[in-house]
Structures are given as structure tokens and as C-alpha cells.
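Visitor: Let's see this in three dimensions:
(2 chains)
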Amino acid sequence: MSMYSLYLLVPLAPLAGSLLAGLLGKKLGRNGSHWVTTLGVAISFLASILIAQDVFAGHSFNGTVYTWLTTQNVSLVVGFLIDPLTVTMMLVVTFVSLMVHIYTIGYMHEDPGYQRFFSYISLFTFSMLMLVMSNNFLQLFFGWEAVGLVSYLLIGFWYTRPTAIYANLKAFLVNRVGDMGFLLGIGLILAHFGSLDYATVFQRAPLLVHDTLSLTGGTSVSLMTLVCVLLFIGAMGKSAQMPLHVWLPDSMEGPTPISALIHAATMVTAGIFMVSRMSPLFELSETARVVVLVIGASTALFMAFLGIIQTDIKRVVAYSTLSQLGYMTVALGVSAYPIAIFHLGTHAFFKALLFLGAGSVIHAMHHEQDMRHMGGLRKYMPITYVTALVGSLALAGIPPFAGFFSKDAIIEAVRASHIPGADYAAFAVLAGVFVTAFYSFRMLFMTFHGKPRMDHHTQEHLHESPAVITIPLVLLAIPSVITGYLYMEPMVIGHYFGDAIQVLPGHGGLEEMRAHWQGVGEFIQEGVLSLPFWLALAGIASAAALYLKWTHIPALIQQRLSGLYTVLDNKYYFDRFNEVFFAGGARCLGTGLWNVGDIKVIDGWLVNGSANLIGRFSQRLRRVQTGFIYHYAFIMIFGVFILMSLWFVKA
Amino acid sequence: MTFATPNLVPAYPEIFLLVALGAILLFDLFVAETSRFLTYAYTQLALLATAGFLVLGATGSVLTTFNGMFIDDPMARTLKLVGVVAVALTLAYSRAYNQQRGLYRGEFYALILFALLGIMVMISANHFLTLYLGLELLSLSLCALIALQRDSARATEAAMKYFVLAALASGLLLYGMSMLYGATGSLNLGLVANAISSGAADPAILVFGLVFVVAGLAFKLGVVPFHMWVPDVYEGSPTAVTLFVSTAPKVAAFAFFMRMLGGALSPMVADWQSMLVIVAMLSMLVGNVTAIAQTNIKRMLAYSTISHMGFLLLGILSGSVGGFAAAMFYVVAYVLMSLGGFGLILLLSRDGFEADQLEDLKGLNKRSPWYAFMMLLIMISMAGVPVSVGFFAKLAVLSAVLDAGMTWLVVYAVLMSLIGAFYYLRVIKIMYMDEPLQTEPLVAETDHRILMVLNAMAILLLGVLPQPLFDLCTISITHSFHG
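Guide: Here you go, the predicted model:
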């Protein structure tokens, strides 16, 4: 099989699975549906491995698969760009997707929408692969919107729940804001670069560095900055950066497997991937990178705080996802794109693991998600416990787990950077380490340790989840341990990405890290002696103290610091602001336009007014038809007279 | 004076139709009242054979015979075929209706075939006298058809009106023709055109004649201000006859316009163009606006026809081959829609009950969703909504007008069709949203049902794939007028 057909196979196998399960789900039955979709994703994963071997043997690919239409100067095509960055994403996406497919067989087995769910997640895999494999902005946008659509469908999967419908509407609307920016950015690129093809755009970019766009009022703005900021607004929507993060916590209304797949491991990292892919553009605008850095740092720290007070197990993981996405964005801001992708990869594994672990707990607890009603599950669910512990250690950044390497690399890159805002970012990511360790172990302790707090009935039925659920947990736990150690050196220090990612000389801390690199062993040693590690340990220790030993203290703190607690509990009032200002404002505007514009002007004046006029005219004209033959003859003769006289008047 | 035997080949379809017609008249005398179906079947067979002659005898070239009085060209073949198909459908749709109303007689079929013969002669006329001959044959047969229900006062009144006004129009036309003859010294269309282009004729007399000829033509087409007969005749005639009046004769009138204005008077395009602009604008206005006030569906469709004919004139008045082709497309589309519309009204009528009020369509969707859907297709096509043949018909004539440089006229026409959309959509609203007044299910003959479905589907199909029909019209016009 040629490589070209392998490239095609990767996205098409899940698509075929999705169509089969979606359209013929009733005929295939439950087993048939999960087999075709899982098989499709498995084929896709195996093909990705083969492609990865080929790419790392030095064979990249950039070509058109299908030309959709060509106009005078723009051609819209479907094309693939297969390089190290792409295959990394392909591997992560297909592997996590495969794990989630298997896991879903166990998790959703009682759900009436079983086939529909499999169809959706396979469709998601297809869309995400189209997004990462694209070689042009059009296909990128297609994938971007397609994953957004599937995300919308899956958040509202249980469409009879009002909260789920509210959440998916919210996700959809917030993403509209980001997509608007993204689309404007693509539009600017098309207008000024004259192409939608990545390679062409990147090639022309250096020539346009000094171009400016004049705005109203005599001010002007750098073209490159505007393009990058607009593209980043798209990334903010999809990757849930402040202030467009509000949809992600609510998206937990969807079934847990998709929280793992879409809202933790893959789709939400599309923004990170996109910015890395656009590194040749972002490298040309420092202003844009400062924006990226500040927004990322704020998200990393402030969203971590919110994780501390959550009681819903999935929401804790959701806020930790927000915070970790902030870390990746920080890495982008300091031009450490390889580190961002590195963290993206490790995070995908341990976050998917944590979500699926949480799902396993929820499954065992009969869909109870409140941690205040859990506790002591360690005894009943040993595999889930161990894997969750691995995930938490990785998230907290304890060596030698994967998260330690990627997170430490980010912190070092930020410290070494001299871009404006780097000091603020350095503080945010350091403080974030403590908070992260605290909330992740708070979750672990509240769920698995201490005395059981669930009711008697639930406790009696507690047992470890079936193999289809625990096997993916174990399979995800393995990369959560080893990928950091294995890929630190090639990805961050070596030339793993080749030409896929461009970093201009003098940008960011990556250069310094490479200069001082002495090996992975040294890196661990240094890490253990440095501040972040001790902050993480302090976080774990505090969590242990508050939630294992002196369990009455958290309530006390909550009472004393009620002001702060209220702010956190209301998530910094983002939702409130959006509801009052945007939703309320829009409704107010809508009502106004409806009353004045629609009812008065359009209905009253234009529609009914003109209709009345015509109607009255019609009644008049009707009377002309008298029924008398001499009237008719007269009108005919008169018509001849008029035609005749008109001609003679003209002459 | 010598009489050479003329070449009869180009006129075979007409000759055959005449012979078959005589045979049917005779045959019907010997057919019992109960087996009238035989007459019907023979008529349909005769039509089928005529169509066969038309298709098989088509040469694609322009031939004249009878000393240049008769012309056979691609446009004539195509239009005659449309006329024959329209008559065949008319007969099929009206069979059950006629049976219930004492119209199931040999005269009905004979008269319709005479009218068709008149139509075919008009289409192939290349001489003022042939044109007039065809016209009178059509008019008198129509008059008799309208009055066929002798004891119906309304039908007799309609026939009376039609007869008097048609006589007036014929007078106008003949007067105009005599003027043209006086100015050019010829009755042959080609020779008239040559005489006018040579500049020898007196322009004042020519224009004088032109005005009268246009008036006579406008009467046949039923456009404002020569339209007054249309609503009364449509309403007063038995619906079967209305169906006929509103379809095939329009094809003949179109051919009449083409022969006179596109052929004989083509050098005077600047003069007749401005006349047609006025007539077309008035037709679209009066037709569309007055239709809104109608409660009788036959009258509503009569006004709708008036506005459609205004649109048809738009294609002719642009004076280009493209415009002529667009107008031809329009007339074919119109015939299809009109057949469907009246065919459905016939279907709704029952013994002793004329479904001619808009109210009778109330809740049709509940009684028969399938027929309601077909009426929906016909209505959206008449309104010119996309994915229907009516849309492309309007688009074609409007783009021809645009090419002729009269943008303001296009804007006016679009506004008028916007007003027109109101009453077409009201029919849909009545069918789909109102409660039915009657609950009886619709009964229809199998052939009527099948043809009805084919008719409505043709409207839809030609709306999706209009190109073949459009190509046919373009080829017919180009070969007949510039080849």
C-alpha cells in the first residue's frame, strides 16, 4: 500500500465507521456499531504509526488530494501536509480516541443512544484528523467547525436535560465569538497573501512584515499582528482561554468519555496546535506573542484557583484542563512551540486518564459526581485508584511522571524569555504549580481516601469497573509515566519537528535550554532541587493536611474567607457578566428592534401598509371589469387610440 | 394563370389532421351514446399520429410551399408539437368532467381539432391571408366551444362577448394588414419585410398599420388593454374549455407575434418595441394586482394569465434572438403550468359541483396531500420560485430585457412578480393551513391521475434541468430566423 493511500485511510476509516454506525445503527445493532467504529479508529491508529515511521525516516508530504473549485486566483482544495507536527497530533488523537472507544463500550452500555454516541465520536475523530492533516486554511477551518459541531452534539448528547442543552448552546455561542476572529484572520490572509495554502502563505509572510492596515481615525496597525491576534482569538475560543473559557466547565454535562476525548485531550488543544502550525506567522509579531503569553498565564493561574473549590469531580478535572491549556499557551507566547506540543501530548494522556478514571468512579457510584458523597473508594476500586494516582502525580508534575518534564520545560522557557510580560507569566506558572498539586490531590484524597460518605445502598454495590473500562485506564497510564522521559530530549532539545515549526533566533528560552542541556538525568536532578518541585510537594502536603488529617479546616477557611470564596464560587463573575451584558443586552436590543423595526416599520409600514395599498388598488381595478360588452370594446378602441397618439407625439 | 401542384410534404401534419377530423365527424354519427369512449380514443390516436408526422417529418431546415404562403421551419415544428400535446392533455383531463356535464359529444372533439388545425395553420403562416385564415378558424371554433353548453346562460354570455370582441379585433387586424399592404404592395411576410427595409414604404402609413396589427395581436394574447374578454370567458366557459382556451391558443398567439413582428415587421423593431413595453407593463400591473381581489379561482388564473402574457412580451420586445428564445421557453413553461392548474381544478370538480371558488381548495392537504403538493408545485412555478420551470422562464426573459439595456423594466417586472407571489402563496396557504369545507376524498380516472403527476413532475424536473428545453427553443428560433 502506497503512503498516499495510507494518508487517505487515516481520516476515512473513522468516517466510514461513523457513517455505518450513524445511518445503519439500527441494523448493525449495539455490538455491530461499536465494532465498526472501534475498528475504524484502530485502523486509523495503525496507519498513523506506519506514517510516523515513514515521516521520521525523512519523508514528509505536502500535496493536494482533491481540488474542490478554482477561481481566477484562488483554488479551494483538500490537501494533506504530513510532517512531524502532524504525525504527533495524529498519533495522540487516534490513540486517545481508540482508548475512548473501548472505554465507551463499558461506560455507555446502558444508554439508549449507544449507536448515536459511537457515530459521533468517530465523526469527531475524522474531523479532528482533517484539521491536523490539512495543508490549507480552508480545510483547517472545515475541521475546526466540524469538531465544534460534534462537540456541540455531544455536550447535548442527553438532549432531554435542560442543563445539557444550556451547556451546548453556551459552548456553541462562545465558540462563535472565537470563530468570528478566526474567520476574519483567514480572510485577511486570503486578502493580503493571496492564497490559502500554508506553504505559500509562510513563504510570503516575511515580505509582508512591515505592512500596515490603516484603521479609522488615522491609526494603523501591523498586518501581521492583526492576523495573528485574530487567529489567536479563534484559538482562545477552541482552547478555552480567558475570557472565552466559560463554555468548557459547562461542557462537562456531556458523557464522560467525550469529556476525556474532546474537552481534555484533543479538540481543546486544536488552538495550541494551530498556533504552533502558524509559528512562521507568530514569530513575525512580538505584540501578538505578548497577547498570547498574558492570556495564557492568566488562564493558567486563575482557572487553577477555581479548581480548589469545586465539589463535582468532573469539574475539578475540567478546571485543571483550563489551567493546563493556559500553560501550553504560555509556552506558545515565549516561542517555545515544541514545548507546547510536548505538553499537549503528555497532557492528552494523563488528562484523558484522569477523566476516564473519574468516569470509572462515576460509573461505580451510579452517576454520582459530587466528591462530598464519595471517599474511601481505594478499597473497592484498586485499578482505578492506582491509575488515578498516576494521573494526579503526572498532573502535579512529580518526576519521573510525564507532566513533570513538560511542565518544568515550560517554566524554564518562561524564565529564560525576555519578552514583555514574561515576569508575570513566570509568577503565574510557578504559583500555578502549587495550586495544581493542591487541587489534584484534594480530588484524589476526597474520592479515594478517608471514610466512605456515600449512602448504604451505593456502598453495597461498589465494585471495580469491568475490563473494557480498566484496560484503557492502564493503557493510558503507561504513556502518562514514560512519554515525558522518552520524548523530552528529542522533542524539546532535538530537531524532532524539523521545519514544521519555525523559531527565529533570539526568541524565547528554547535556545538557552538547548545550550545548557546536559541530558535527561541531569534535568531530573535539577528539577528535584528547584522551586517548582518543592511547590508541588507543598501542594500535595497541604492537600493531605486539609483533606486527610484536619478535615474540619476547609469549612473554617471557607467561613473566614467568605468574600474570596464567593468570588471563586461565582467563577470571577464571568458568567454573570456575560448573562447580564451580552445575553441581556442582545435580548434588549432584539426586543427593541422587534418592537420598532419589525412590528412598526416592517410589518406595519412595509408589509401591511403596502399590502393594504395594493389591496385597495386591486378593488378599484376589479370594478373596471364591468361585464358590459360596450365598455370592453371602448377600452380596446381607447387602447388603439393611446398607442397611436403616443407614436405621433413621439414623432 | 397556372396552377402548379404544390409541394405537400411540409403540410402533411395539417393535411392528416384535416382528414382524420373529417373521419371522426363521420364516425361519431355511428357511435352509440354509451360507447362515446371510441370517439375519444380515435381523437387521441389522431393526435398521436399528428405528433408522429410532426416529429418524423422534421427536417431542421426552412421550407415554403403553396406559393410561399405556408412555411415549415423548426420553430413551427416545435410549437405545433407543444400545441398537439396540450390538446391531448386537455382532452384527457376533461373526459370525466365532460361525461358529467353532457359535453361528452363528438362536436367537442371535432371543434377542438378544428381549433388545433387553425393553430397549426397560424403557426405555419407566411402570408397575411394564411395568418388570417388560421386565426378565424381558431376563433370561430373557440366561440362554438365556449357556447357548447347551450342552456348555460353564463357560457352563452361568454361566447357572445368573445364573438363580438374577436370580430372587433379581427377588424382591427385586417385594417392594419390592409395598411401594410398598401404601403408595401405585398401580402407575403418575407416580401413585406424586404419592402420595409428598402425604405420605399411610407413610414406614416406603416406605423398606422403597425398599431392596428399590434392591437389585433394583443387581443389574441389577451394583454392589457385588449384583455377584457379574458376573465369573463375563463369564468363563463365550462372548465374543460377554459383549460383549452388558456393553453394551445397562446402558443398560436406567440407564433403570430413572431411571424408578424419578428418576421414581416422586424425592420420596425424600434417602433413596436415601445408599444410592447407599454402593453407589457400594463398587463403585469393589471394582471397581478387585480388577481389579488379575486375569489373565483378561474378568474384569478385568468388575471394570472394576463400577467404571464405580459412577461412573455418582455422576451419578444427585447427584439433579439435570445429574447425570442426566452419568450418561447416562457410560452412552453406557461402552457405546462396552465395545464396543471386547470387540470387540478377539473379534478376537484364533481357531478353537479364546480370547484371554481378559492374556498373549494381549503384544506386540500388534509383531503389529498398528493394533489395538494402538485398544486403547490404549480403555484410556486407560476410565482417564479426557484427549482421550478417558472423561475427559469422568468429569469430567461428578464435577462433578455437586461441585455437589451432596459434595467428599469427588469426592476418593474420583478416588483410586479413580487405582488403576484401574494395570490399564488395564498392558494398554498389555503390548501395547507385552512380547515377543509368538504371531506369527500378526491376521485379521479387513472389516466388523469398519472398525467397530472407527470405534468407536475415535468414542472419540477424542468426547474432542475431547464437546459434541454432551453436549447430546443434556442435552436428552433435561431434556425427559423437566422438560418
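Visitor: and the stretch 101-250 of chain B, which residues reach chain A?
Guide: B:160-161, B:164-165, B:168-169, B:172, B:207-208, B:211-212, B:214-215, B:218-219, B:224-226, B:228-229, B:231-232 (CB under 8 Å from any CB of the partner chain). C-betas here are computed from N, CA, C, even on glycine.
Visitor: Now with 7 Å, please.
Guide: Applying CB under 7 Å from any CB of the partner chain, we find that the stretch 101-250 of chain B lies next to chain A at B:161, B:164-165, B:168, B:172, B:207, B:211-212, B:214-215, B:225-226, B:228-229, B:231-232.
Visitor: now, which of the residues you listed sits nearest B:F373?
Guide: Comparing these against B:F373 with CB to CB picks out B:P231 as the nearest, at 28.0 Å.
Visitor: burial of B:D403, as a residue count?
Guide: Each residue near B:D403 was counted by other CB atoms under 10 Å in any protein chain shown, and the total is 13.
Visitor: among the residues of the stretch 101-250 of chain B next to chain A, which are in helices?
Guide: Members of those lying in helices (criterion: DSSP state H): B:161, B:164-165, B:168, B:172, B:207, B:211-212, B:214-215, B:229, B:231-232.
Visitor: how about the nearest residue to B:A355, chain neighbours excluded?
Guide: Excluding the flanking residues, the one nearest B:A355 by CB to CB, 6 or more residues apart in numbering or on different chains is B:L348, at 3.5 Å.
Visitor: Can you dump the C-alpha atoms of the strand or helix carrying B:A195 in PDB for me?
Guide: Using DSSP states H and E, B:A195 falls within helix B:189-198. In PDB, the C-alpha atoms belonging to helix B:189-198 read as follows (Å, rounded to 0.1, in the frame of the first residue of the first chain):
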ATOM      1  CA  LEU B 189     -44.300  38.200 -44.900                       C
ATOM      2  CA  GLY B 190     -40.800  38.000 -46.400                       C
ATOM      3  CA  LEU B 191     -41.600  40.400 -49.200                       C
ATOM      4  CA  VAL B 192     -43.200  42.900 -46.700                       C
ATOM      5  CA  ALA B 193     -40.000  42.800 -44.600                       C
ATOM      6  CA  ASN B 194     -37.900  43.400 -47.700                       C
ATOM      7  CA  ALA B 195     -40.100  46.300 -48.800                       C
ATOM      8  CA  ILE B 196     -39.900  47.900 -45.400                       C
ATOM      9  CA  SER B 197     -36.100  47.600 -45.100                       C
ATOM     10  CA  SER B 198     -35.700  49.100 -48.600                       C
END
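Visitor: List the buried residues for it?
Guide: Neighbour counts over helix B:189-198 (16 or more other CB atoms under 10 Å in any protein chain shown) mark B:189, B:191-193, B:195-196 as buried.
Visitor: List of residues touching that helix?
Guide: Under the criterion CB atoms under 7 Å, 6 or more residues apart in numbering or on different chains, residues B:126-127, B:180, B:184-186, B:201, B:206, B:259, B:263-264, B:266-268 lie in contact with helix B:189-198.
Visitor: Of those residues, keep whichever come out buried.
Guide: Neighbour-count burial (16+ other CB under 10 Å) applied to the contacts of helix B:189-198 gives B:126-127, B:180, B:184, B:186, B:201, B:206, B:259, B:263-264, B:266-268.
Visitor: Just the ones of the residues you listed in strands?
Guide: Counting by DSSP state E, no part of these is found in strands.
Visitor: Make TSV out of those and add pLDDT.
Guide: Output for the buried ones among the contacts of helix B:189-198, formatted as TSV (pLDDT from 0 to 100):
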residue	pLDDT
B:N126	93
B:H127	93
B:L180	93
B:T184	92
B:S186	92
B:A201	85
B:L206	91
B:R259	93
B:G263	89
B:A264	90
B:S266	90
B:P267	89
B:M268	90
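Visitor: Next, the contact list for the residue nearest the centre of chain A, please.
Guide: Centroid-nearest residue in chain A, with CA atoms, centre = their mean: A:V268, separated by 2.0 Å. The contact partners of A:V268, by CB under 7 Å, 6+ apart, come to A:238-240, A:248, A:321, A:325.
Visitor: now for the helix or strand hosting A:G40, which elements pack on it?
Guide: Taking DSSP H and E as the definition, one finds A:G40 inside helix A:25-56. Secondary-structure packing of helix A:25-56 (3 or more CB pairs under 7 Å, 6 or more residues apart in numbering or on different chains; DSSP states H and E): helix A:3-23, helix A:84-107, helix A:114-133.
Visitor: The last one - what's its average pLDDT?
Guide: The one in question is helix A:114-133. The average pLDDT within helix A:114-133 is 90.
Visitor: Stretch B:401-412 near chain A at all?
Guide: No. Using CB under 7 Å from any CB, we find that stretch B:401-412 stays clear of chain A, coming within 14.6 Å at best.
Visitor: Please state the offset of that stretch from the chain centre?
Guide: Between the centre of stretch B:401-412 and the centre of its chain there are 25 Å (CA atoms, centre = their mean, to the nearest Å).
Visitor: average pLDDT for it?
Guide: On average, stretch B:401-412 scores 93.
Visitor: A:S465 looks like it's in a strand, true?
Guide: No. In this structure, A:S465 is coil, not part of a strand, as judged by DSSP: H, G, I helix; E, B strand; the rest coil.
Visitor: wouldn't it be in contact with A:T384 here?
Guide: Yes. In this structure, A:S465 is within contact of A:T384 by CB atoms under 7 Å, at 6.5 Å.
Visitor: for the strand or helix carrying B:Y412, which positions count as buried?
Guide: Using DSSP H and E, B:Y412 sits within helix B:407-433. For helix B:407-433, burial by neighbour count (16+ other CB under 10 Å) applies to B:409-410, B:412-413, B:416-417, B:419-424, B:426-428, B:430-432.
Visitor: Over to stretch A:203-222?
Guide: In terms of neighbour count (16+ other CB under 10 Å), stretch A:203-222 has its buried residues at A:205, A:208, A:222.
Visitor: Next, format the helices and strands packed on helix A:25-56 as CSV and append mean neighbour count and distance to A:M303.
Guide: Shown next, in CSV, are these (neighbours: other CB atoms under 10 Å in any protein chain shown; distance: least, CB to CB, whole Å):
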stretch, mean neighbour count, distance to A:M303
helix A:3-23, 20, 31
helix A:84-107, 25, 22
helix A:114-133, 27, 23
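Visitor: Tell me which of the ones you listed sits nearest to chain B.
Guide: Nearest to chain B, of all these, is helix A:3-23, at 25.1 Å by CB to the nearest CB.
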